[in-house]
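[1] Need coordinates for the below:
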Amino acid sequence: MKLRLARHTNQLQKIKSFYIDVLGFELIGEFNDHDNYNGIFLSKDNSEWHLEFTESSIQANHKFDEDDLMVFYADSIKELNLIKRTLTNKGVNKIKAQNPYWNRNGFMLKDPDGYRIVFSVRNNH
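    Here you go, the predicted structure:
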């Protein structure tokens, strides 16, 4: 089974830049004016998952709360610390998670749409 997480946005170029230039994801595909939608597909390290972001004349109406998260697991504390240093050097601000588990076992940030992203360590679970 493979996973695609799809989300509509009002700011596709900002999302594209954030996930590629800041988080280091890879652009694995994109489309323009497909039934009035533009979109991108992003992944990392030949994973069995990818993210799809779309934009159209229909405005996105995001209503997620503090516990709606996308969680990425690093394979080690060393990798997690490298991700944290890289993001700090790029000026990304970490935020406090509502669930204290994520503050103890990783860190959280927001993407340009305000969606919360957690980076944690896989072997803590």
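[2] And for the protein, the residue most distant from the center?
    Distance from the centre of the chain peaks at Asp35, with 25.2 Å (C-alpha atoms, centre = their mean).
[3] for the record, mean pLDDT for the longest helix seen in the chain?
    Taking DSSP state H as the criterion, the chain has its longest helix at helix 77-89. Taken as a whole, helix 77-89 has a mean pLDDT of 95.
[4] buried residues in it?
    Judged by neighbour count using 16 or more other C-beta atoms under 10 Å, the buried positions of helix 77-89 are Leu80, Ile83, Lys84, Leu87. C-beta here means a position set from N, CA and C on the backbone, and glycine is covered the same way.
[5] quick one, domains of the chain?
    3-56, 69-124 (automatic domain parsing).
[6] residue boundaries of the helices in this protein?
    Going by DSSP H, the chain shows helices at 12-17, 77-89, 100-104.
[7] where exactly do the strands run in the chain?
    3-8, 26-34, 37-43, 49-56, 69-74, 106-110, 116-121 (DSSP state E).
[8] so can I have TSV of those showing distance to Ala97?
    TSV is the format used below for the strands of the chain (distance: least, C-beta to C-beta, whole Å):
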stretch	distance to Ala97
strand 3-8	19
strand 26-34	27
strand 37-43	23
strand 49-56	20
strand 69-74	8
strand 106-110	5
strand 116-121	7
